[in-house]
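**Q** Would you be able to build a 3D model of this:
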Amino acid sequence: MFRVLVVDDEEKIRDCFAQFLALKGYEVQEASNGAQAVTVASRELFDVVLMDIRMPILDGVSACRHIRQVAPATKVVLITGQPQSEGPTPTEATAALCLHKPVLLADLEQIINRVCIGEPPSLSGWSNE
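**A** Next comes the predicted model:
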């Protein structure tokens, strides 16, 4: 199964995603901000990083760029509460995908699996351009 790093400064959201993914059989690790995510991703291999954009210390877009430098094979999925017209495109952030809140847990497994194998998810509320 895939290794996933879940990054969010909101503990409830981070725990919800992490517990759900662990129950689905993923190997999950957590980080509470972008700087911590970069540190963890530089020491360990992950298939995908699921990361909020707005966080203290180091935002998700900046962390994504750093992670792509230290772990180029790791895919990054950004999550934002911003409207699609205001959020960064995945290309701008060097991310595989940018999801817009709310993210349904029922969709999360498909999103992770498809991103890891290089196929875009067939869902509304996502952008990979």
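
**Q** tell me the SS of the nearest residue to Leu99 once chain neighbours are set aside?
**A** Across the structure, with Cβ to Cβ, 6 or more residues apart in numbering as the measure, the residue nearest Leu99 apart from its sequence neighbours is Ile79 (4.9 Å). In short, each C-beta sits where N, CA and C put it, glycine included. Three states are possible here, and by DSSP: H, G, I helix; E, B strand; the rest coil the one that applies to Ile79 is strand.

**Q** Hmm, Leu50 and Ile79 touching each other?
**A** Yes - under the criterion of Cβ atoms under 8 Å, Ile79 is in contact with Leu50, at a separation of 6.9 Å.

**Q** how about the residue sitting nearest the centre point of the chain, what does it touch?
**A** Nearest to the mean C-alpha position of the chain, counting by Cα atoms, centre = their mean, stands Leu50 at 1.7 Å. For Leu50, the set of contacting residues under the criterion of Cβ atoms under 8 Å, 6 or more residues apart in numbering consists of Val4, Leu5, Val6, Val7, Phe17, Val77, Ile79, Ile112.
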